[in-house]
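**Q** Below are the sequence and a predicted model for it; my questions follow.
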Amino acid sequence: MEMERSVSYESDLNFKATELRLGLPGSDETEKQSTPCVRGHKRASSEISEESKGSSKVTDTAPPPAKAHIVGWPPVRSYRKNCFQKNEGEGVGKFVKVSMDGAPYLRKIDLGVYRSYSELLKALENMFKLTIGAYSEREGYHGSEYAPTYEDKDGDWMLVGDVPWEMFISSCKKLRIMKGSEARGLGCSA
Amino acid sequence: MDSEWKRFRDSPNSEELTRRSSFPDEVLERVLSLLNSHKDRSSVSLVCKDWYNAERWSRTHVFIGNCYSVSPEIVARRFPNIRSVTLKGKPRFSDFNLVPENWGADIHAWLVVFVVKYPFLEELRLKRMVISDESLEFLSVSFPNFKSLSLLSCDGFSTNGLAAIATHCKNLTELDIQENGIDDRGGSWLSCFPESFTSLEVLNFANLASDVNFDVLERLVSRCKSLRVLKVNQSISLEQLQRLLAHAPQLTELGTGSFSQQLTSHQDEELKTAFSNCKNIHTLSGLWDVKAIYLPTLYPACANLTFLNLSYAALQGGELAKLLVHCPQLRRLWVLDTVEDKGLEAVGLNCPLLEELRVFPIDPYGEEIAHEVTEAGFIAVSNGCRRLHYVLYFCRQMTNAAVETVVRNCPNFTHFRLCIMIPGRPDYTTNEPMDEAFGAVVKTCTKLQRLSVSGLLTDLTFEYIGKYAKNLETLSVAFAGSSDWGMQCVLEGCPKLRKLEIRDCPFGNKALLSGLEKYESMRSLWMSACNLTLNGCRALAREMPRLNVEVMKEDGSDESHADKVYVYRTVAGPRRDAPPSVLTL
């Protein structure tokens, strides 16, 4: 598979160009690549320096194309790089099933799209046309007929909202919106 | 080290000086035992034979900056009474994945010698070494007095190795695990400390991801009455932190866990009280996932804070500003570039005593640049913090004029590490190379010991460095220079140069060979993605038998091309543990 060098220095096989997806062409988001790997990076780098030296039109402050992944550059320790990639772009493609008691079929949402519990709950309220209301540590979603719950890494069913958002994102495997008396049972302080 | 001593011993004057030395050995040894700096001890050992011997008998701590510069046998022969060893292994660029996986720097060969020669070894501090779980277990059972283990940027081990340390080291005072390539198999290692174990003074597991058993941790903290450094990981919540602080108000260094739990107002008060009872905290770090509304709980502990490490806490500028108002004693500050120039202005305004600033990028690949610091922030800090002498600054744009202003404000830089993250980026306002910026740094900062350059640079930068940087010891260069002449200027001009690391520069064999005489006075030279050939490296190896010249080949590259070259002085000869991809010439 031939890929264009042009201005970007990727040398990975450009699977994205040949991937079958639903969606308008050109509607993809840039993905984070956590393993930078440019073979023959020396050549890549001399391309860069020649370009910046020779070019007299570098007057704007725009950085070069986003995907210029040179091995080991910038010089940031792997541990630190991995730390923030985990927290930031995590959840691009973190789709989880959402079931709602009484609904005939399940839905799927991308948790990575949301930045907080309130955004997520609003989205669920919209999707299922219901009101979940506000979370409180003592009483859960008291006052609502519904309680959003999720299955975590250990297989336990937990109430959405108890743990910090980032911890929730990394441990949530699927969502279930409980309804009625079962929901109220969860909401009571045990 | 050893070669200098041999030269001295054979010189005509040493005999005379030996006769004149009239201190009994015991007195001399006692006096010398008070010397701690290894540089001082090196000087002392060169005075005469008596002093050499007294020094070697009285030395208890040995620092080895390159594990391959000497062998464990040679070390043990010279220093019979070592209790503490510090070892550094791989070249620094291994932190950035430039060194092959199996390159070497395994500690095991050293441990095997130590168990015989230093059975009472107490302390091991490793940086960029490889250490396996087997080695950790061996360490934990073979040295009954073992007290202190510090691992920074190491790899090859898992949490099972930590379990062995916790289980067997009855006298452990320090377990410091930082930024390592560790295989994290869970937090059960912490539960391996016996209930009878109370000697811990330093515990740092901030960079381990897995949950630990909080009850176990709480009991450990409460029974170790001498605990002064505690750095926990993200799994510890604010509520749990409050309980730990209640048991250990004597802490001097604290690394918090996650700083974002939803607290009731009662819990908030309790946390604030816990912090206000910690009157001795001078170093604070952690603050993972920080939510700024909880920062006020910290304020009572900030009065004596001298080192604040926010490099894992994504704070905004305004949030940082509010916090800094409460930290008037700050000397060292590490932040993320999420604070932007606005945050750095606050630093300039609130931290007049600041000596060290490090600004790390939250998004090094720059795919969604929402936050960054610019030359304006750099200038703002230098305006307010005139005592600044250490800077590490990651940015995407810089100007010559800004750097000139910064060093005019702060002429005392000893460490100047500027990383313009876009390779070969010129001064963005004038389009000129950044030569004048670094020229200003070396001309003004006469005490400069460490320099990292970046941006578009010609040989002129290196002419300046060679001409003015007379105290420079460490130089890092990437994507810079125009010809061999640049590197030659540095090799010929910097008398105190010890470490030179270069990547992606147009320096070739001529430059490499111009430093023939120099390399024996340096610890090491690294050159990758430059214009070196195997023949050039062979010529170097031939001329200088006391250097190890190692070439690492990349798959699929030109046969004669020397992709990665690592040159270092050694008294131990060529190493025998090099993998097949590393040629020692």
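**A** On my side now, so go ahead.

**Q** only C-alpha atoms for contact and neighbour calcs from this point on.
**A** Fine.

**Q** Low-confidence regions, chain B specifically.
**A** B:1-23, B:367-370 (pLDDT under 70).

**Q** distance of the nearest residue to residue B:316 once chain neighbours are set aside from chain A?
**A** Excluding its sequence neighbours, the residue lying closest to residue B:316 (C-alpha to C-alpha, 6 or more residues apart in numbering or on different chains) is residue B:339, at 4.4 Å. Going from residue B:339 to chain A by C-alpha to the nearest C-alpha, to the nearest Å gives 15 Å.

**Q** Confirm that residue B:339 sits in a helix.
**A** Yes. Checked against DSSP: H, G, I helix; E, B strand; the rest coil, residue B:339 lies within a helix.

**Q** tell me, how many neighbours does it end up with?
**A** If you count neighbours by other C-alpha atoms under 10 Å in any protein chain shown, residue B:339 ends up with 25.

**Q** ok, it touching residue B:311?
**A** No. Judged on C-alpha atoms under 8 Å, residue B:339 makes no contact with residue B:311 at a distance of 10.6 Å.

**Q** quick one, strands of the stretch 351-500 of chain B?
**A** With DSSP state E, counting those that start in this stretch as the criterion, the stretch 351-500 of chain B has strands at B:356-360, B:390-395, B:415-420, B:450-452, B:474-478, B:499-503.

**Q** So which bits of the stretch 351-500 of chain B are right by chain A?
**A** B:362-367, B:396-397, B:419, B:421-426, B:428-429, B:431, B:456, B:479 (C-alpha under 8 Å from any C-alpha of the partner chain).

**Q** for the residue in chain B that chain A sits nearest to, phi and psi?
**A** Chain A sits closest to residue B:96 of chain B, with a gap of 4.3 Å, by C-alpha to the nearest C-alpha. Residue B:96 adopts backbone torsions of phi -110, psi 30, taken as degrees, to the nearest 10.

**Q** now swap in residue B:178 and tell me
**A** The phi/psi pair for residue B:178 (degrees, to the nearest 10) reads phi -120, psi 130.

**Q** surely it meets residue B:155?
**A** No. Look at residue B:178 against residue B:155 with C-alpha under 8 Å: they stay out of range, at 10.7 Å.

**Q** How about residue B:142, nearest residue that isn't a chain neighbour?
**A** In space, and not counting its chain neighbours, residue B:142 is closest to residue B:115: 6.5 Å by C-alpha to C-alpha, 6+ apart.

**Q** Correct me if wrong, but the one you found is in a helix.
**A** Yes. Residue B:115: assigned to a helix according to three-state DSSP.

**Q** Hmm, residue B:141 and it touching each other?
**A** No. Applying C-alpha under 8 Å, one finds residue B:115 not in contact with residue B:141, separated by 10.2 Å.

**Q** To what extent is whatever residue of chain A ends up closest to chain B buried, counted in neighbours?
**A** The nearest approach of chain A to chain B comes at residue A:72, 4.3 Å away (C-alpha to the nearest C-alpha). Neighbour count of residue A:72, defined by other C-alpha under 10 Å: 20.

**Q** now residue A:80
**A** When counting by other C-alpha under 10 Å, one arrives at 17 neighbours for residue A:80.

**Q** for it, what are its contacts?
**A** Neighbouring residues of residue A:80 by C-alpha atoms under 8 Å, 6 or more residues apart in numbering or on different chains: residue B:179.

**Q** Read off the pLDDT value for it.
**A** Model confidence at residue A:80, given as pLDDT, is 88.

**Q** Which element, helix or strand, includes it?
**A** helix A:78-87 (DSSP states H and E).

**Q** got the buried residues for that helix?
**A** By 16 or more other C-alpha atoms under 10 Å in any protein chain shown, the buried positions in helix A:78-87 come out as A:78, A:79, A:80, A:81, A:84, A:85.

**Q** Quick check: residue B:192 touching residue B:169?
**A** No. The criterion here is C-alpha under 8 Å, and residue B:192 misses it with residue B:169 at 10.5 Å.

**Q** Alright, that wraps it up for me.
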